[in-house]
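Asks: Let me see the structure of the following:
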Amino acid sequence: MTLRVVVADDQVLVRTGFRMIIDARDDLEVVGEASDGREAVRLTRELAPDVVLMDVRMPVVDGIEATREIAESGSGARVLVLTTWDVDAHVVAALRAGASGFLLKDIRPAELVDAIRVTARGDALLAPTVLSRVLDRFLRTAPDQAPPPSLESLSGREREVLTLIGQALSNAEIAERLRLSEATVKNHVTAVLRKLGLRDRVQAVVAAYDHGLVRARRP
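Replies: Here you go, the predicted structure:
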């Protein structure tokens, strides 16, 4: 199956470069290009891509707001945010808006196409250089309050799994920690996403911090 991609960036050369890289792969195809966030939202609605490569800073509507509109529209498209700025605020805003991943624009071509495939599968994707700082940002801002009612739908085991997702553990690591099979952990992760209405694993990480399941590390 060919993965359909929309590229949103206000620089023509950047869009052209991404298109050349993506279209060179047999399983990927650029079906649309947008020069601003509003156009990205429109093309996502009209073309139903699997993945949207979204620049952060664009005219008319920026990439963060465009990501939020796509996520709230119920679209099945997953947004992969790319930027030249390795800045915590952009990462946090993108994830809270509904992005499924975050990468820097200087990524190598092979890593870019792999990132598109990973994002389309619904797996978590964050650039290794920003992951630890993103998690620290969430940890510092986690609310000091009881979990919201929405977590009441989770079983005790599902709550444990969500907490470990928030600590950036993989299914294999969670399975080892809880002494469960990976298949059982995968079922628990699926249940957590369904019960909390989350799009993917990245959003589960956000939820874990927002609900205070992961606390700030003391200096």
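Asks: Pick out the residue closest to the middle of the chain.
Replies: S100 (1.5 Å; C-alpha atoms, centre = their mean).
Asks: and that one, what does it touch?
Replies: Applying C-beta atoms under 8 Å, 6 or more residues apart in numbering, one finds that S100 lies in contact with 78-80, 119, 122, 124-125, 199-200, 202-203. All C-beta spots, glycine's among them, are computed from the backbone N, C-alpha and C.
Asks: which one of those residues has the most neighbours?
Replies: Highest neighbour count within those: V79, with 30 neighbours (other C-beta atoms under 10 Å).
Asks: which ones are touching it?
Replies: Contact partners of V79, counting by C-beta under 8 Å, 6+ apart, are 51-52, 54, 67, 70-71, 94, 98-101.
Asks: quick check, nearest of those to I165?
Replies: Of all these, I165 sits closest to S100, with 14.2 Å by C-beta to C-beta.
Asks: Name the nearest residue to the closest one, sequence neighbours excluded.
Replies: Excluding its sequence neighbours, the residue lying closest to S100 (C-beta to C-beta, 6 or more residues apart in numbering) is R78, at 4.1 Å.
Asks: ok, now P59?
Replies: Take P59 and drop its neighbours on the chain: the residue closest to it by C-beta to C-beta, 6+ apart is D36, 4.9 Å away.
Asks: give me phi/psi at that neighbour?
Replies: Main-chain torsions, D36, degrees, to the nearest 10: phi -150, psi 170.
Asks: quick one: it and V61 touch, right?
Replies: Yes - with contact taken as C-beta atoms under 8 Å, D36 and V61 are classed as touching, separated by 6.1 Å.
Asks: In contact with the residue nearest to P59, which residues are there?
Replies: D36 neighbours (C-beta under 8 Å, 6+ apart): 8, 10, 58-61.
Asks: Tell me which residues are up against stretch 6-17.
Replies: For stretch 6-17, contacts defined as C-beta under 8 Å, 6+ apart pick out 18-19, 22, 30-37, 39-40, 43-44, 47, 49, 51-55, 57-59, 63, 66, 77, 82, 105.
Asks: CA-only coordinates of it, as PDB, when you get a sec.
Replies: Backbone C-alpha positions of stretch 6-17 (Å, rounded to 0.1, in the frame of the first residue of the first chain) are rendered in PDB as follows:
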ATOM      1  CA  VAL A   6       0.900  16.200   2.100                       C
ATOM      2  CA  VAL A   7       3.900  18.500   2.500                       C
ATOM      3  CA  ALA A   8       3.200  21.900   4.200                       C
ATOM      4  CA  ASP A   9       6.000  24.500   4.200                       C
ATOM      5  CA  ASP A  10       6.100  28.100   3.100                       C
ATOM      6  CA  GLN A  11       9.500  27.600   1.300                       C
ATOM      7  CA  VAL A  12       9.200  26.200  -2.200                       C
ATOM      8  CA  LEU A  13      12.700  24.700  -2.100                       C
ATOM      9  CA  VAL A  14      11.900  22.800   1.100                       C
ATOM     10  CA  ARG A  15       8.700  21.400  -0.400                       C
ATOM     11  CA  THR A  16      10.500  20.400  -3.600                       C
ATOM     12  CA  GLY A  17      13.300  18.700  -1.700                       C
END
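Asks: What ranges does the protein have for its strands?
Replies: For the chain, the strands defined by DSSP state E cover 3-8, 28-34, 51-55, 78-83, 101-104, 125-126.
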